[in-house]
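**Student:** Need the 3D shape of this:
(chains A, B, C, D, E and F)
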4 protein chains.
Amino acid sequence: MADALSVPRAETGADLRRSILDHTRRLLVADGYDALSMRKIAASAGCSATSIYLHFDSKDALTHALISEGMDRLHRVLTGADDEHETPAGRLDALSRAYIRFGLDNPEYYEVMFQLRPERMARYPAEDYRRAHRNVDLFRDALADGVADGSLAAPGPPDVAASVLWTALHGLVSLSLARRIDVRVAGDELIDAAVRQSLAALGAA
Amino acid sequence: MADALSVPRAETGADLRRSILDHTRRLLVADGYDALSMRKIAASAGCSATSIYLHFDSKDALTHALISEGMDRLHRVLTGADDEHETPAGRLDALSRAYIRFGLDNPEYYEVMFQLRPERMARYPAEDYRRAHRNVDLFRDALADGVADGSLAAPGPPDVAASVLWTALHGLVSLSLARRIDVRVAGDELIDAAVRQSLAALGAA
Amino acid sequence: MADALSVPRAETGADLRRSILDHTRRLLVADGYDALSMRKIAASAGCSATSIYLHFDSKDALTHALISEGMDRLHRVLTGADDEHETPAGRLDALSRAYIRFGLDNPEYYEVMFQLRPERMARYPAEDYRRAHRNVDLFRDALADGVADGSLAAPGPPDVAASVLWTALHGLVSLSLARRIDVRVAGDELIDAAVRQSLAALGAA
Amino acid sequence: MADALSVPRAETGADLRRSILDHTRRLLVADGYDALSMRKIAASAGCSATSIYLHFDSKDALTHALISEGMDRLHRVLTGADDEHETPAGRLDALSRAYIRFGLDNPEYYEVMFQLRPERMARYPAEDYRRAHRNVDLFRDALADGVADGSLAAPGPPDVAASVLWTALHGLVSLSLARRIDVRVAGDELIDAAVRQSLAALGAA
DNA sequence: AATGAATGAGCTTTCATTCAT
DNA sequence: AATGAATGAAAGCTCATTCAT
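**Tutor:** The predicted structure follows:
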């Protein structure tokens, strides 16, 4: 009875956990990680700051949950792109574009996933960060496959070439998100050029 | 004489300004920008927090002084590298290596120069950030020269190709500083590979 | 029972809100508004400065709560005085004396209510200040009633005459509170004289 | 030579003292006493904060200099008004209007002269405040003269009646300066009404 | 599961004032 | 006469977190 009359209550239980994560993402896009505070999250999610601690041990733990989630999403996106193509060169191209797209479309995930310094966060589970390498591994595997079948030519160990490719993609994404790239240059043309330049050395012509 | 005998006194006057900047850099390397506080700087520099305000209008102004200084240093390093080589390809290679070296050797400058989101800093002089483009221009000029004399082949406008090159270098530097690159891969080998891969597309063979 | 035996504990909860308001009043009497600080209030109320923010959004909000409270109290006092008399002249006399009495008895309320410059306070709700006029309205109504029944003779619009009367009463209260009136003159005699002189022009003989 | 080329230097010596006082007045009008700071005064007067201390022992001393100056100016204005009229009633009316005019025209002087609580200012010379009474004395003398020649009828000791008159005038001025009077009422009409009402009881018809 | 209350530590910044020059 | 340098104290306010309920 009271419920029927009450104002639409904020989520509770598992829903609240989900809601907290989503509102945190929203705040991250808007204000960035530094401006994130438990109070603001609580206010945004419509719960008390204390309630957040029912679902996350600490602010760091909340951040890590987001990182994990982001890593999973990125991995899913990348494997999807990987699967859609046959040739190693096609896979590398698709992986690169999917990575960039993910970063630009999910600035909040990208910020916590790749712009944070884990060693500056207390109590961080190194394990979580090691999972990030699964993503680089996708690049490496496609590259190794290409080298194996002669369609690609990595000028060195595939591990290294894949890492280099990743750093290049990351540089594009992070400077784009920070809006540090000349506006006359930024845009789809830049992304195309970046993918082409990044893959050129790998003989993906 | 008295000086020689006196205990190492905290600097004063213009020296203090210099000392504040240096201690700020030290703290930036150790703890990062977010953890930077006027109190900590003061404690580190051996002066009162109030004294910092004699030399800098605000925390932002102090940060901007560092950014300016870093931009100048980077520019000097890059022009030095540029001048030491004759061929456009040689210049591009030297510029790239100098950029990476500067970033890895000056993590504190690099952090405030390129890891901060200017739009999230109040009262920042857009002018300062525009100076950053002077550095990209060095890459573009070398590239354009190479295209002009036929020794290089940018697959598109030199502006775009230079920006792409910059993002690739930045990605390498920022992920290296964040220690996010697999330790089995990191090192001089990685840098070599990165430079080679980044320049491959520009026909700098 | 436990209560009776326990040491005088600092209040908590809603009691703390009340306690904060009361200690703020005490500090206002002692030191004035300018010397008021959140830390001092906290120390006086026996809570942390942070706790004050659980009950009031800001220092201004705390001040405004006091202003509101004071306005209510004054209004209650004035309507009480108004109701106790039949004739317009009697009402005006009672209103005037009640106003003066309230001011002299509640210097802390009076200070925030009438000695502050609202335009110098950020985020002040103009609404709160408009409520002050309800009090002047009581004077105006009594005066208008007297003019209507011929027992009083306002030399002009009742609005104006009532405002003038108010300013006269305020002048007496504020200079008395500031102890700026010659001690040989101050006292009940002065109040009597002030009321008599202030009402003389209104034909309240 | 250097002088001829140099930018217009700020005043020095006695001129600087004068300049400090004037800039302080300007700041008082703009921001009020609470917002007054030595640094702001120095910045406004174009000298160093330290220089202020060459001319005034402390912030309080500077304030007291202003109070003294204001008291002198008010006294001059009042005696001028007093002298221009023959009859006691005329003198009282002129004194009242001159007082109001002075207050409204010199909000900065009025604020430090009459809105400050001397007991809250450290090291204040009680003497300075006693001089304020000279002004009330002018009212009292005119009133006493009127009583003596039968043209006025103070309902009690002239001292008291004069003080009451002063408090009424002060109430009008202070509430006007604080912009606390209903705008539909404020204006010359209000001043006229206030003078008329204030003098009515003194038989100045 | 959820919360209101509470706090100590911390933040940037401004203050009046002093001192050596 | 004038100043730049320096400071301790204090301001309002926000932070992540804990605890009792």
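**Student:** can you give me phi and psi for the residue nearest to residue A:87 when sequence neighbours are not counted?
**Tutor:** Spatial nearest neighbour of residue A:87, excluding adjacent residues (Cβ to Cβ, 6 or more residues apart in numbering or on different chains): residue A:151 at 6.3 Å. Backbone N, C-alpha and C define where each C-beta goes, glycine included. In terms of degrees, to the nearest 10, the main-chain angles of residue A:151 are phi -80, psi -20.
**Student:** Does DNA strand F have contacts with the helix ranked longest in chain A?
**Tutor:** Counting by DSSP state H, the longest helix found in chain A is helix A:59-83. Yes: applying Cβ under 7 Å from any atom of the strand, one finds helix A:59-83 touching DNA strand F at A:59-60.
**Student:** Got phi/psi on the nearest residue to residue A:120 once chain neighbours are set aside?
**Tutor:** Nearest non-adjacent residue to residue A:120, counting by Cβ to Cβ, 6+ apart: residue B:32, 5.5 Å away. Phi and psi for residue B:32, reported as degrees, to the nearest 10, are phi 90, psi 170.
**Student:** which ones are touching residue B:32?
**Tutor:** Residue B:32 makes contacts with A:117, A:120, B:111, as judged by Cβ atoms under 8 Å, 6 or more residues apart in numbering or on different chains.
**Student:** Which of these are buried? Put it as a PyMOL command.
**Tutor:** In PyMOL syntax, the buried subset of the contacts of residue B:32 is picked out as below (16 or more other Cβ atoms under 10 Å in any protein chain shown):
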select buried, (chain A and resi 117) or (chain B and resi 111)
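**Student:** And the closest residue to residue A:179 other than its chain neighbours, what's its pLDDT?
**Tutor:** Counting by Cβ to Cβ, 6+ apart, residue A:179 lies nearest to residue B:119, which is 6.8 Å off, once chain neighbours are set aside. According to the prediction, residue B:119 has pLDDT 82.
**Student:** Repeat that for residue A:1.
**Tutor:** pLDDT for residue A:1: 41.
**Student:** Could you look up the SS state of residue A:22?
**Tutor:** Per DSSP: H, G, I helix; E, B strand; the rest coil, the local secondary structure of residue A:22 is helix.
**Student:** Specify the local secondary structure of the residue in chain A positioned nearest to chain D.
**Tutor:** The nearest approach of chain A to chain D comes at residue A:35, 29.6 Å away (Cβ to the nearest Cβ). Counting by three-state DSSP, the backbone at residue A:35 sits in coil.
**Student:** Which phi and psi values does the closest residue to residue A:20 other than its chain neighbours adopt?
**Tutor:** Residue nearest to residue A:20 in three dimensions, not counting chain neighbours: residue A:45, with 5.1 Å by Cβ to Cβ, 6+ apart. The phi and psi values for residue A:45, taken as degrees, to the nearest 10, are phi -80, psi -10.
**Student:** Check residue A:153 too.
**Tutor:** Torsion angles, degrees, to the nearest 10, at residue A:153: phi -140, psi 90.
**Student:** Can you name the residues that contact residue A:65?
**Tutor:** Counting by Cβ under 8 Å, 6+ apart, residue A:65 makes contact with A:21, A:56.
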